[in-house]
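**Q** the following comprises the amino acid sequence and a computationally predicted model.
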Amino acid sequence: MPIPRIVRKWNRAGLNKVTRRIAPWMPGLGVVVHHGRRSGRVYQTPVNVFAARDGYVLALTYGPDTDWVNNGRRPAAASCGPAGASSR
């Protein structure tokens, strides 16, 4: 079940800024680095990351209709990894 939209707004306003700094070293967290579809701006979004046989599984905490998911669907548009590792 996706988290309510109001929580998404709180995270964007402040919590993501803190989480983004600790996510590369915190087990179970990672940072998705993606480029805006229209602006081309670089964004860093903290996410829950789980190791899988073929790479990683990312939790879609807010559902599949978020900006980082849509931006990352383009080829080579995003990278992610836990503990400072990076994977495309």
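**A** Ah, there it is. Numbering: from 1, shown residues only.

**Q** and the most far-flung residue of the chain relative to its centre, how far from residue 32?
**A** Among the C-alpha atoms of the chain, the one most distant from their mean position (Cα atoms, centre = their mean) is that of residue 53, at 19.7 Å. Residue 53 sits 20 Å away from residue 32, going by Cβ to Cβ, to the nearest Å. Placement of C-beta: from N, CA and C, glycine included.

**Q** again, but for residue 49
**A** In terms of Cβ to Cβ, residue 49 sits 9 Å off from residue 32.

**Q** could you do residue 70 as well?
**A** 12 Å.

**Q** higher neighbour count, the two?
**A** Between residue 70 and residue 32, counting by other Cβ atoms under 10 Å, residue 32 is the more crowded of the two (20 against 14).

**Q** what pLDDT is listed against the more buried one?
**A** Here the pLDDT value assigned to residue 32 is 83.

**Q** ok, now residue 53?
**A** Taking residue 53 on its own, its pLDDT is 91.

**Q** next, it: phi, psi?
**A** phi -60, psi -40 (degrees, to the nearest 10).
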